[in-house]
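Q: Quick one, structure for this:
(2 chains)
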Protein chains: 2
Amino acid sequence: LADGNTELLRQALTELHPAEVADLLEGMPPEERSATWALVADDIRGEVLTHVHDEARATLIDEMDHAELVSAAEQMDVEDLAEVLGELPDDLTESILSALDRDHRRRIEAVLSYPEESAGRLMSTDVISVRRDVTLAVVLRWLRRHHELPPHTDALMVLTNDGRYLGRLDMADLVINEPELLVAEVMKTEAETVRATANEREVAALFDRRDLISVAVLDQDDRLLGRITVDDVLDVIREEADRRMLQSAGLEEEEDLFAPVIPSARRRGVWLGINLLTVLLAAWVIGNFEEALSKIVALAVLMPVVASMGGIAGSQTLTLTIRGLALDQIASSNIRWLAAKEILVGILNGLIWAAVVAVIAYLWFQSSGIAAVIAAAMVINLLAAGATGVAIPLVLNRLGIDPALSGAVILTTVTDVVGFLSFLGLASVFLL
Amino acid sequence: LADGNTELLRQALTELHPAEVADLLEGMPPEERSATWALVADDIRGEVLTHVHDEARATLIDEMDHAELVSAAEQMDVEDLAEVLGELPDDLTESILSALDRDHRRRIEAVLSYPEESAGRLMSTDVISVRRDVTLAVVLRWLRRHHELPPHTDALMVLTNDGRYLGRLDMADLVINEPELLVAEVMKTEAETVRATANEREVAALFDRRDLISVAVLDQDDRLLGRITVDDVLDVIREEADRRMLQSAGLEEEEDLFAPVIPSARRRGVWLGINLLTVLLAAWVIGNFEEALSKIVALAVLMPVVASMGGIAGSQTLTLTIRGLALDQIASSNIRWLAAKEILVGILNGLIWAAVVAVIAYLWFQSSGIAAVIAAAMVINLLAAGATGVAIPLVLNRLGIDPALSGAVILTTVTDVVGFLSFLGLASVFLL
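A: Alright, predicted model coming up:
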């Protein structure tokens, strides 16, 4: 590209799978990305867009005019297009929808009518359904009139005449059974189904637990609305892991590594501001011990040790507790056991590392008073770290706040404050 | 259970899916878990074990005698059993293998011969293969003689007479095409395949990119060894996300939330020890400025602000860079652009928050000197944070070390040292 060899690049792009083009575009700085996007063939742009993360996708959509957007929209699956449209401004969504043909538009509007992150948003409406009172031979004959089946069709859905779900006819059962059997004799009525209003994370957990390929999506009256396939669930799981990782550093989900400087700085600045408030609280605690600090300078040298060890121990407990909540392992019946265990782990590690730190402090400053005070402060802070590491996620969870985002900030504030307070406080009482 | 109502619990357990029993057991403290495990019916124990995380699984296996282990092993899929056996002591593995029937044992030994985390370990050897020179009608007739197909059979594999892979016959193509067509006319020869030696993460990325349900696993000579299905890939993706989350807090993968106190404390103590070394380095830096600290106590109060803001800004850059590496978005062509961007973001946020902190410091301590020094130190530290946040993962990656584990510790050490050094150093030069 740098050599201006655009024709060669255009050629190379046609040989890649749309998902690979998406990866390539995501790994490019803004100008290069925009120049390369202009070379991507119109007929794969829709599929490329479905494979790009949200924020990077926005930069690509910005480059497209209305006609290009409509043509890309026409290539997309209903559920993918619904996801893309959900992030565009309303007037743009409207104008793209109105340019699509009536049937396509109606199906997308149906998907968009469900809340974000619900099963309804994830489902494809492209489903093959059969009646229960026909033979497998009839089904096979009817399928042969199709030129292709919807992707990932591992089962046909069995419906009543008015569209109510009765069960599923697995493709495997269709081919291994005698053709003269009736659908009703072969179909599985016990198979899992989900409601369109179910949360996508529950759906993902169901796929994971039951090793599913597809699941029928029903409305409140058991009418079939569509089906969710495992490839969409894979995306949900990947995005969820991605979100957790980015959130732990206070970053927005789907942050674009190659976003320009100013928006990047602005987005990250928010988190820095929140952190400044918490560290100023810690500084205020330290400020209350000016007398001790001015008389014993060793306190200033050693105080980060107490705060930092508490922070590390607490974040271990916090991470395990957040994970336990995510895996539904924590219930009222075991919270007490868990809290007791984490506090004991904190005390045990507190005692061990307090002894090590006390020896180091004694050798460094030749003061048994300082050694004793830092040892006591370490035990107190690691105990507090264990207790708050369990308590914070549980409290945030009950308040309906995701502990993955704010848990670490709150925890560090607690371990900083307790660390400085116990160390400088004990020193003021016993060493001044 | 607490009420001694074991018969009721045993009854309830029989009504749960093995995956749900696994979840239930994982959410239990040791004694309760062991008592409940004793009530789980023998005929589902194998499947329950496949659904439990590694560390919790070890606690369950400890409770089983040899006969129970063999009976559980007999119920497991080849790839699941290989995973479980891979974690048992060699002599126990041997004695379980020797108790299995010859065919089962031979297949497991084949899977175990591949390195851990390879495609060979993930694959199932339960594959249906067909020849290319028969008609679809013959295939259908032959399938009807089976009572069931292996789970997740979305395609049959087309092989030469000596077992070389030619292509796949999708179940959809089998049912939509006319029965008199030959397999050779309908099969897909361009479908993705993987080598048995491929890393499981590459396999997962392939499934994710191409929306696959199953893929054929081949040896070096294109002989079919087995197939990998999407449910096993889902496990790989989930475990990988889990591992990253735990590693970021210095925890071992698959850590059991309900492990007893002493092993928990010992495992986590290692990470605390590493952290102690790094924070002692920071303390040593502070110790070099005892004179400044004893004369200007405000320095001790404000120094955590500089270090902490650098740590937060750096961890944002670090997280994005680690993610970019994991998604293969970073290449030699864009490293320079990325580093320049992150340094600029660091400078920009450094300037903004330096101004805010300078005002606060001035109002608090009424000293324009302190305000100027902390502002300068903030800019220096956020610049260093941006640069090292990009550099650390790239260097660790080149050294073959996973940056997700040690990146954060190294980064915090850098931002602590640079923060204390720049703030206390500038103060010593300009304010003493």
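Q: Any idea how far stretch A:149-156 is from the middle of the chain?
A: Here stretch A:149-156 is found 27 Å from its chain centre; the criterion is C-alpha atoms, centre = their mean, to the nearest Å.
Q: now stretch A:336-345
A: Stretch A:336-345 sits 28 Å away from the centroid of its parent chain (C-alpha atoms, centre = their mean).
Q: and if you look at stretch A:271-282?
A: 25 Å.
Q: Can you give me the buried ones in that stretch?
A: Buried positions in stretch A:271-282, judged by neighbour count with 16 or more other C-beta atoms under 10 Å in any protein chain shown: A:271, A:272, A:275, A:276, A:278, A:279, A:280, A:282. Using the backbone N, CA and C atoms, a C-beta is placed for each residue, glycine as well.
Q: taking the mean pLDDT, what do you get for whichever helix or strand the second one is part of?
A: When secondary structure is defined by DSSP states H and E, residue A:272 falls within helix A:261-287. Mean per-residue pLDDT for helix A:261-287: 93.
Q: Same check on stretch A:330-346?
A: 90.
Q: mind giving me the domain ranges of chain A?
A: Domain assignment for chain A by automatic domain parsing gives A:6-113, A:129-230, A:261-431.
Q: With respect to burial, which of those domains scores highest?
A: Stretch with highest mean neighbour count among the domains of chain A: domain A:261-431 (a mean of 21; mean count of other C-beta atoms under 10 Å in any protein chain shown).
Q: Next up, the contacts around residue A:385.
A: By C-beta atoms under 8 Å, 6 or more residues apart in numbering or on different chains, the contact list for residue A:385 reads A:310, A:311, A:313, A:314, A:317, A:346, A:411, A:414, A:415, A:418.
Q: doesn't it fall inside a helix?
A: Yes - counting by DSSP: H, G, I helix; E, B strand; the rest coil, residue A:385 falls inside a helix.
Q: before we move on, back to that, of all the contacts of residue A:385, which comes closest to residue B:216?
A: Of all these, residue B:216 sits closest to residue A:317, with 44.7 Å by C-beta to C-beta.
Q: which non-adjacent residue is nearest the closest one?
A: residue A:389 (2.8 Å; C-beta to C-beta, 6 or more residues apart in numbering or on different chains).
Q: Please give the element, helix or strand, for the one you found.
A: Assigned by DSSP H and E, residue A:389 belongs to helix A:368-398.
Q: what is the orientation angle of that helix with helix B:261-287?
A: 120 degrees (axes from the mean of the first three to the mean of the last three C-alpha atoms, to 10 degrees).
Q: sorry, back to before: for residue B:179, which of the domains of chain A is the nearest?
A: Using C-beta to C-beta, the nearest of these to residue B:179 is domain A:129-230, at 8.4 Å.
Q: and the gap between the most centrally placed residue in chain A and chain B?
A: The structure's chain A has its C-alpha centroid closest to residue A:240; by C-alpha atoms, centre = their mean the separation is 1.8 Å. Using C-beta to the nearest C-beta, to the nearest Å, we find residue A:240 at a distance of 8 Å from chain B.
Q: Make TSV from the buried residues of stretch A:271-282 and add distance to residue B:25 to it.
A: Compiled in TSV, the buried residues of stretch A:271-282 are given as follows (distance: C-beta to C-beta, whole Å):
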residue	distance to residue B:25
A:271	38
A:272	43
A:275	39
A:276	44
A:278	38
A:279	42
A:280	46
A:282	41
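Q: among the residues you listed, which are in reach of chain B?
A: Restricting those to those touching chain B (C-beta under 8 Å from any C-beta of the partner chain) yields A:271, A:272, A:275, A:276, A:279, A:280, A:282.
Q: Comparing the domains of chain A, which yields the minimum mean pLDDT?
A: Among the domains of chain A, domain A:6-113 scores lowest, at a mean of 87.
Q: The nearest residue to residue A:120 once chain neighbours are set aside: what's it in contact with?
A: Excluding the flanking residues, the one nearest residue A:120 by C-beta to C-beta, 6+ apart is residue A:114, at 2.7 Å. Contact partners of residue A:114, counting by C-beta under 8 Å, 6+ apart, are A:120, A:121, A:196, A:197.
Q: Same list (these) but as JSON lines, adding distance to residue A:36 and secondary structure.
A: Shown next, in JSON lines, are the contacts of residue A:114 (distance: C-beta to C-beta, whole Å; DSSP: H, G, I helix; E, B strand; the rest coil):
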{"residue": "A:120", "distance to residue A:36": "35", "secondary structure": "helix"}
{"residue": "A:121", "distance to residue A:36": "30", "secondary structure": "helix"}
{"residue": "A:196", "distance to residue A:36": "38", "secondary structure": "coil"}
{"residue": "A:197", "distance to residue A:36": "40", "secondary structure": "coil"}
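Q: Quick check: of those residues, which lies closest to chain B?
A: residue A:121 (17.6 Å; C-beta to the nearest C-beta).
Q: I figured the closest one hits residue A:83, correct?
A: Yes - counting by C-beta atoms under 8 Å, residue A:121 does reach residue A:83; the two are 7.1 Å apart.
Q: Inside helices: which ones of the contacts of residue A:385?
A: The helices, defined by DSSP state H, take in A:310, A:311, A:313, A:314, A:317, A:346, A:411, A:414, A:415, A:418 from the contacts of residue A:385.
Q: ok, which pair from those is furthest apart?
A: Going by C-beta to C-beta, the pair spanning the ones in helices among the contacts of residue A:385 furthest: A:317 and A:418, at 14.0 Å.
Q: buried set for whatever helix or strand residue A:242 lives in?
A: Residue A:242 is part of helix A:230-247, with elements assigned from DSSP H and E. Buried positions in helix A:230-247, judged by neighbour count with 16+ other C-beta under 10 Å: A:230-247.
Q: residues touching residue A:106, list them.
A: Here residue A:106 is in contact with no residues (criterion: C-beta under 8 Å, 6+ apart).
Q: for residue A:351, same thing?
A: When contacts are counted by C-beta under 8 Å, 6+ apart, residue A:351 touches residue A:379.
Q: And what about residue A:357, helix, strand or coil?
A: helix.
Q: For it, give me its contacts.
A: A:305, A:309, A:374, A:375, A:378, B:276.
Q: Might one say that residue A:377 is in contact with residue A:428?
A: No - the criterion here is C-beta under 8 Å, and residue A:377 misses it with residue A:428 at 11.9 Å.
Q: now, among the ones next to chain B among the buried residues of stretch A:271-282, which is nearest to residue B:18?
A: residue A:271 (42.2 Å).
Q: Find the nearest non-adjacent residue to the closest one, please.
A: residue A:250 is the one closest to residue A:271 (C-beta to C-beta, 6+ apart), at 3.1 Å.
Q: With residue A:306 instead?
A: residue A:419 (4.2 Å).
Q: Would you mind confirming that residue A:298 is in contact with residue A:371?
A: No - using C-beta under 8 Å as the test, residue A:298 is too far from residue A:371 to be in contact (10.2 Å).
Q: In contact with the residue in the stretch 151-300 of chain A that chain B sits nearest to, which residues?
A: Proximity to chain B, evaluated over the stretch 151-300 of chain A using C-beta to the nearest C-beta, is greatest for residue A:241 at 3.3 Å. Contacts for residue A:241 were tallied using C-beta under 8 Å, 6+ apart; they are B:237, B:240, B:241, B:244, B:245.
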